[in-house]
Each structure stands twice: as structure tokens, then as C-alpha cells.
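J.: Below is the sequence, then the predicted model.
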Amino acid sequence: MPQERFDSQELRRRELETAPPQTSDAQLVRQENARRFRAESERLQAERTEQENRQRTRQARHEALARQEDDAVRAKIFARYLQAQEQAKLSEPPPPVPLNTQRQDEQFEAEQAAGRRALARYAQRNGDAAAARERIRAEGGNKEDTAPGLSGFKT
């Protein structure tokens, strides 16, 4: 195959196509600046994260200390409350003792005696009524004439 002949412009074009692209100084500077900015940004982000972690740790220590102090104060208040409650029980006056005069005692005894007499009278009356019912049943009284709960009464 015969070698092809190209003019100088075509050779230059092919040479440019096969050669690696050359970057300009401005582009190199831009790339270097971008690398530096990224590194600086990563450094600042790491510093910020470290500062936040230190702040969180410090805050947690402060909260723990505050909780301890709060618990101590609560314990003191509770102890004072219990002590005051004990003192209140000790200083509480004894329950009042009923003081009755002799006249009140006599009146009370008289009321009780009257109540006992009334109960005896009711028991006697009920006993008499029960005896009468038994007598009527024993005599064979007519059940139609009397109601079961009312002895001696016709219905």
C-alpha cells in the first residue's frame, strides 16, 4: 500500500488529536485552589465537630452535677419533712377524756334503766302474744277466721 501523503495542516490536526490535551496555567491554578479549599473545609468541619463533641461532653457533666445537687436537696427536704412530721406527732395533744358530772352519770343510768324496763315490757308482751297463739292452735281454732300474722283478728 503506498504511503499516503497529507498536507501539513492535516498532519498538524492529526498530531493534535493524538496528543494529550494541555491544560492551561489558569486551569491548574483553579484545580490547586479547589484542592486547598476542600482541605481547608474538611479541616474546619473536623474542628467544628470536635468542638461540638467537647460542648456535649461538658453539658452532660454539668447536667449530671446538677442532678446530683438536686437529689441532695430533695433528700434534705424530705428529711426535714419527716422530722417535722415526727415533731407534730409528739406535740399533738392527747385525745380529750370525757368528763361527766355526777348528775350526768345519774341521768345516764336512769335512761339506761328506763330502756331496760321498756325492753322487758316488750319481751313480756311478745311472750304473752306467742303463748296466746299457741293456745289457739292447740284448741284447734279455725284458720279461716284468723290471719297468720294477726292472732285473734278476723280478716
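T.: Now that the structure is in, tell me what you want to look at. Just so we're clear, the structure is a prediction, and the values are computed from it rather than from any experiment.
J.: secondary structure element for residue 43?
T.: Assessed by DSSP states H and E, residue 43 sits inside helix 25-91.
J.: so what secondary structure elements neighbour the helix or strand following that helix?
T.: For helix 25-91, the succeeding helix or strand toward the C-terminus, using DSSP H and E, is helix 102-139. In terms of contacts (3 or more Cβ pairs under 8 Å, 6 or more residues apart in numbering; DSSP states H and E), helix 102-139 is packed against no helix or strand at all. Where you see a C-beta, it was placed from the backbone N, CA and C, and this is true even at glycine.
J.: Tell me the gap between helix 102-139 and the middle of its chain.
T.: 61 Å (Cα atoms, centre = their mean, to the nearest Å).
J.: Give the buried residues for that helix.
T.: Burial within helix 102-139, assessed by neighbour count using 16 or more other Cβ atoms under 10 Å, is assigned to residue 136.
J.: now do stretch 56-76
T.: Residues of stretch 56-76 classed as buried by neighbour count (16+ other Cβ under 10 Å): none.
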